[in-house]
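A.B. asks: Only the shape, not the letters, is given here:
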């Protein structure tokens, strides 16, 4: 299994902090955001390769961070230099798969969130299901639901439908940017882009995929801390206590 980390965004809402520095390498406590995620994932001993997808503007920062890192990290430059010319999450996924000729199960995560529970639970859930999987959490603020990916869930955690930032949410199940794709489904990402799948938000691939593959959704056993602006970053730095195992 490979872990693909989406880190090619420009984090414009965190300016000036991220004007010349990537958000995933900001510190929360004693670690960068990425190190919180990777250290946890690697503790399961299941993932055998890590790939960080950067833009050209920030790639040197990631390369310096990854130099000598344990576990080893492969850093890719998607060639973009501005928010206006970004490839988008789904095209970045396809770019990484093609660049590295990946043919494996993929754990795909956004590199700008921290969690208070271990992602190893999600990995084991996905392996037990034997299908592609997402996570979900209950969100009862309708305004936040309209800014999230929203899942409809059927019997046995089956993902029935998914919509990115719906005007009229069909449920209160919000979906964070942490996904597991089986080897077979990961191979369909190129087809998704060719078919006109939305490419900016990573959840757009889930919306396309769930109409063509069986996907299950695990209810999150804890909380996700989204670092979207300066206020939320300062709040996370004050309140985040790490992962509860």
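C.D. replies: Nice, thanks for sending it over. The structure presented is a predicted model; accordingly, all values stated were derived computationally and were not measured. Numbering: from 1, shown residues only.

A.B. asks: And the helix or strand of the chain with the lowest mean pLDDT, how far out from the chain middle?
C.D. replies: In the chain, the helix or strand scored least confidently by mean pLDDT, DSSP states H and E is strand 224-226, which has a mean of 89. Averaging C-alpha positions (CA atoms, centre = their mean, to the nearest Å) puts strand 224-226 12 Å from its chain's average.

A.B. asks: what helices or strands is the helix or strand just after it leaning on?
C.D. replies: Downstream of strand 224-226, the first helix or strand assigned by DSSP states H and E is helix 230-239. Contacts defined by 3 or more CB pairs under 8 Å, 6 or more residues apart in numbering; DSSP states H and E place helix 230-239 against strand 27-28, strand 224-226. All C-beta spots, glycine's among them, are computed from the backbone N, C-alpha and C.

A.B. asks: Grab the longest helix from this protein for me.
C.D. replies: The residue-count maximum for a helix in the chain (DSSP state H) belongs to helix 89-100.

A.B. asks: counting contacts, what elements does that helix pack onto?
C.D. replies: Packed next to helix 89-100, using 3+ CB pairs under 8 Å, 6+ apart, are strand 2-6, strand 49-54, strand 73-77, helix 189-194, helix 203-209.

A.B. asks: List the buried residues of the fourth one.
C.D. replies: Using 16 or more other CB atoms under 10 Å as the burial criterion, the residues of helix 189-194 that qualify are 189, 192-193.

A.B. asks: Provide the contact partners of it at residue level.
C.D. replies: Residues outside helix 189-194 that contact it (CB atoms under 8 Å, 6 or more residues apart in numbering): 90-91, 93-94, 97-98, 181, 199, 205, 208-209.

A.B. asks: Whichever of those end up buried, select them in PyMOL.
C.D. replies: This is how PyMOL selects the buried members of the contacts of helix 189-194, with burial counted by 16+ other CB under 10 Å:
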select buried, resi 90+91+93+94+97+181+199+205+208+209
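
A.B. asks: any idea how far residue 119 lies from residue 176?
C.D. replies: Plainly put, residue 119 is 11 Å away from residue 176 if you go by CB to CB, to the nearest Å.

A.B. asks: and these two? which has more neighbours close in?
C.D. replies: Ranked by neighbour count (other CB atoms under 10 Å), residue 119 and residue 176 place residue 119 first, with 22 against 19.

A.B. asks: what's the spacing between that one and residue 127?
C.D. replies: 13 Å.

A.B. asks: intersection of neighbour lists for those two?
C.D. replies: In contact with both residue 119 and residue 127: no residue, using CB under 8 Å, 6+ apart.

A.B. asks: Off-centre distance for the longest helix of the chain?
C.D. replies: For helix 89-100 - counting by CA atoms, centre = their mean - the centre lies 14 Å from the chain centre.

A.B. asks: Please pull up the helix or strand immediately following it.
C.D. replies: strand 106-110.

A.B. asks: and the angle from that next one to strand 49-54?
C.D. replies: Strand 106-110 and strand 49-54 meet at an angle of 40 degrees, taking axes from the mean of the first three to the mean of the last three CA atoms, to 10 degrees as the criterion.

A.B. asks: list the helices and strands strand 106-110 packs on?
C.D. replies: Partner elements for strand 106-110 (3+ CB pairs under 8 Å, 6+ apart): strand 2-6, strand 178-181.

A.B. asks: Relative to the next helix or strand after it, what are the paired strands and their orientations?
C.D. replies: Using DSSP H and E, the helix or strand that follows strand 106-110 in sequence is strand 113-115. Strand 113-115 has the following sheet partners, assigned by DSSP bridges: strand 224-226 (antiparallel).

A.B. asks: List the buried residues for the strand it pairs with?
C.D. replies: Across strand 224-226, burial judged by 16+ other CB under 10 Å covers 224-225.
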